[in-house]
Structure formats: C-alpha cells, structure tokens
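Asker: Sharing a model that was predicted from the sequence below.
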Amino acid sequence: MDRLPKTLPKTALGKALSYLQKNWEKLCVYAEDGRLNIDNNKAENAIRP
C-alpha cells in the first residue's frame, strides 16, 4: 500500500486502492480458503423474484 498516500483519492486508482485497503482482511480470508466462491451470483439469483 505504498502508493495509497501518493495517489489522489478521487481518481480511479485512488478509489481502487482505498477499497482494497478497506477490504484487505476479507481478501486474505478468501485467498487462504479455497472453498469460498469469488462471487455470490447463486445467492443473488435465489433471492430475486
């Protein structure tokens, strides 16, 4: 995350880096657990009318 302090926060890169920083722990859990799906399409489709 060396780039975050050097990146303007309203640029696309700044927004992406900020999002990544906020969700880093969740990303690590996903990467370490091979049972988790990358998306939740099945759940979203199941709750749609």
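Answerer: Good, I have the coordinates.

Asker: Quick one: list the elements packing against the lengthiest helix in the chain.
Answerer: In the chain, assigned by DSSP state H, the helix with the most residues is helix 12-22. Contacts defined by 3 or more C-beta pairs under 8 Å, 6 or more residues apart in numbering; DSSP states H and E place helix 12-22 against no helix or strand at all. No exception for glycine: its C-beta is placed from N, CA and C like everyone else's.

Asker: hey, C-alpha coordinates of the helix or strand following that helix in CSV?
Answerer: Using DSSP states H and E, the next helix or strand after helix 12-22 towards the C-terminus is helix 24-32. Output of helix 24-32 as CSV, limited to C-alpha atoms (Å, rounded to 0.1, in the frame of the first residue of the first chain):
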residue,chain,number,x,y,z
TRP,A,24,-7.7,-6.4,2.7
GLU,A,25,-8.6,-8.8,5.6
LYS,A,26,-11.6,-10.2,3.6
LEU,A,27,-9.4,-10.7,0.6
CYS,A,28,-6.8,-12.6,2.6
VAL,A,29,-9.5,-14.9,4.0
TYR,A,30,-10.8,-15.5,0.5
ALA,A,31,-7.3,-16.2,-0.8
GLU,A,32,-6.5,-18.6,2.0
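
Asker: Fine, thanks again, bye for now.
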